[in-house]
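> Kindly return the folded structure for what I paste below:
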Amino acid sequence: MAKELEISEFIDASRDLPVIDVRTPSEFEQGHIPDAHNLPIFSDEERAEIGTLYNQKSRGASIKRGLEIVGPKMRTFVEKAEKLAPDREILVHCWRGGMRSESMAWLLNFSDFSPRTLTGGYKTFRNFVLDTFTRRWPVIVLGGMTGSGKTEVLHNMRKMGAQVIDLEGLAHHKGSAFGAIGEDPQPSNEHFENKLAMRLLSMDTQRPIWVEDESHLVGKNIIPNDFYDQMRAAPVIEMQVPDEDRIEHLIDIYGDYPSDELADSINAISRRLGGLRTQQALDALAENDFETVARLALSYYDKTYTYGLSKRDPETVFPLELSSISHADNARKIMAFHNEKIDNKALKTNEN
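Sure thing, here's the model as predicted:
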């Protein structure tokens, strides 16, 4: 018999041991434990067939068909598990901790592995993820107008030892109408939540957790309400970078992308940009005048950012004037400013 682990034990063990998710490919694609490997017992079509047999005939008929399907795959399952877990210790789960994970655990145990299963399966993991966002986290937000280099600064801060969660990296989106350009397809919202929760759980709650100032939506992914509320109430260090540097930075990011993708993004904000400025931006793009395109786009994004900042408690906003777009220098200045200016009481969790 495989040992069953409760969710906290399973997560702890997953930091050292491989996890195999035996659900179907479509279930896995919808959302999974980050870094888990999909080793589906049934394909999507096979699972649908077995479900139909269960509903229309009997449990026994569905089990027999399941055995008929799985039998030829058993050797492949063992061989794939050997590649993933050469030490033969492995974690296994399905949707609810039922027959699929039990069957795979039985096979692996029979093949001299030491499998452990998750009590309640992926469903328990999802409840654990959603509960994670209700906890209090020592969040601090890095703000600044579009083109300030917030993402790059956060990456430099991480290199300097800060705790950083890159929400745009998790979402595969840069957070604006232009944000999908050059990015991989976005994860499902469910999987975005899974990745965010696991990043949070890796953090030291006695130290600040830095995130970028984002709207509720990062592309199509939604920042969970409980965590977003904490972001909105958290202290904000607002980077104030010269406009010319911001424009130069935007040209560096987007200037080499295909014009048709940039044009689509301009059209996506045409209602807010206005007909005249939209046409001016498209005309400038056709002439490779990226500076004009950037200036016109910022006329919209700057207003949007200023409005969002005005909705925060002014006592939580700490402006920091920066003279250039040097990401490493700005990272050092921001960390020093934080240590000097921000009351650490604002970053404590609700332990009391």
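
> Check what contacts the helix or strand hosting Lys83 and list those residues.
Element membership for Lys83 (DSSP states H and E) is helix 74-84. Counting by Cβ atoms under 8 Å, 6 or more residues apart in numbering, helix 74-84 makes contact with Pro18, Ile20, His37, Leu39, Ile41, Arg88, Ile90, Met104, Leu107, Leu108, Ser111, Phe113, all of which sit outside it. Glycine gets a C-beta too; all of them are placed from N, C-alpha and C.

> and if we set it to 7 Å?
Pro18, Ile20, His37, Leu39, Ile90, Met104, Leu107, Leu108, Ser111, Phe113 (Cβ atoms under 7 Å, 6 or more residues apart in numbering).

> from what I can see the last one touches Arg88, true?
Yes: counting by Cβ atoms under 7 Å, Phe113 sits close enough to Arg88 to count as a contact (4.6 Å).

> For those two, indicate the residue with more neighbours.
Phe113 (21 against 13; other Cβ atoms under 10 Å).

> returning to that earlier point: so which of the contacts of helix 74-84 sit within helices?
Met104, Leu107, Leu108 (DSSP state H).

> which of the contacts of helix 74-84 has the most neighbours?
Met104 leads the contacts of helix 74-84 on contacts (other Cβ under 10 Å) with 28 neighbours.

> quick one: it and Ile41 touch, right?
Yes: counting by Cβ under 7 Å, Met104 does reach Ile41; the two are 6.3 Å apart.

> Find the residues that touch each one of the two.
In contact with both Met104 and Ile41: Val22, using Cβ under 7 Å, 6+ apart.

> which SSE is Gly143 in?
Going by DSSP H and E, Gly143 is part of strand 139-144.

> In terms of secondary structure, what does the following helix or strand past that strand contact?
Remark: after strand 139-144, the chain's next helix or strand is helix 150-159, criterion DSSP H and E. Packing partners of helix 150-159 (3 or more Cβ pairs under 7 Å, 6 or more residues apart in numbering; DSSP states H and E): strand 139-144, strand 163-165, strand 209-212, helix 327-341.

> Least confident of these, on average?
The weakest mean pLDDT among those belongs to helix 327-341, with a mean of 94.

> Which positions within it qualify as buried?
Across helix 327-341, burial judged by 16 or more other Cβ atoms under 10 Å covers His327, Asn330, Ala331, Lys333, Ile334, Met335, His338.

> which residues are in contact with it?
For helix 327-341, contacts defined as Cβ under 7 Å, 6+ apart pick out 140, 142, 149, 152-153, 156-157, 160, 162, 237, 239, 318, 320, 322.

> for stretch 100-114, same thing?
Contacts of stretch 100-114 (Cβ under 7 Å, 6+ apart): 2, 22, 41, 74, 77-78, 81, 85, 88-90, 92-94, 115, 117, 121.

> What average pLDDT does that stretch get?
The model assigns stretch 100-114 a mean pLDDT of 96.

> could you dump that stretch to CSV, C-alpha only?
What follows is stretch 100-114, C-alpha atoms only, in CSV (Å, rounded to 0.1, in the frame of the first residue of the first chain):
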residue,chain,number,x,y,z
ARG,A,100,-6.5,6.4,-10.9
SER,A,101,-3.9,7.4,-8.4
GLU,A,102,-4.4,4.2,-6.4
SER,A,103,-3.9,2.1,-9.5
MET,A,104,-0.7,3.9,-10.5
ALA,A,105,0.6,3.7,-7.0
TRP,A,106,-0.1,-0.1,-6.9
LEU,A,107,1.7,-0.6,-10.2
LEU,A,108,4.7,1.5,-9.0
ASN,A,109,4.8,-0.2,-5.7
PHE,A,110,4.8,-3.6,-7.4
SER,A,111,7.7,-2.4,-9.5
ASP,A,112,9.8,-1.6,-6.4
PHE,A,113,9.1,2.2,-6.2
SER,A,114,8.1,3.9,-3.0
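
> quick one on the thing from earlier: please render the helices and strands packed on helix 150-159 as JSON lines that adds distance to Glu291 to the earlier fields.
JSON lines is the format used below for those (distance: least, Cβ to Cβ, whole Å):
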{"stretch": "strand 139-144", "distance to Glu291": "20"}
{"stretch": "strand 163-165", "distance to Glu291": "31"}
{"stretch": "strand 209-212", "distance to Glu291": "25"}
{"stretch": "helix 327-341", "distance to Glu291": "21"}
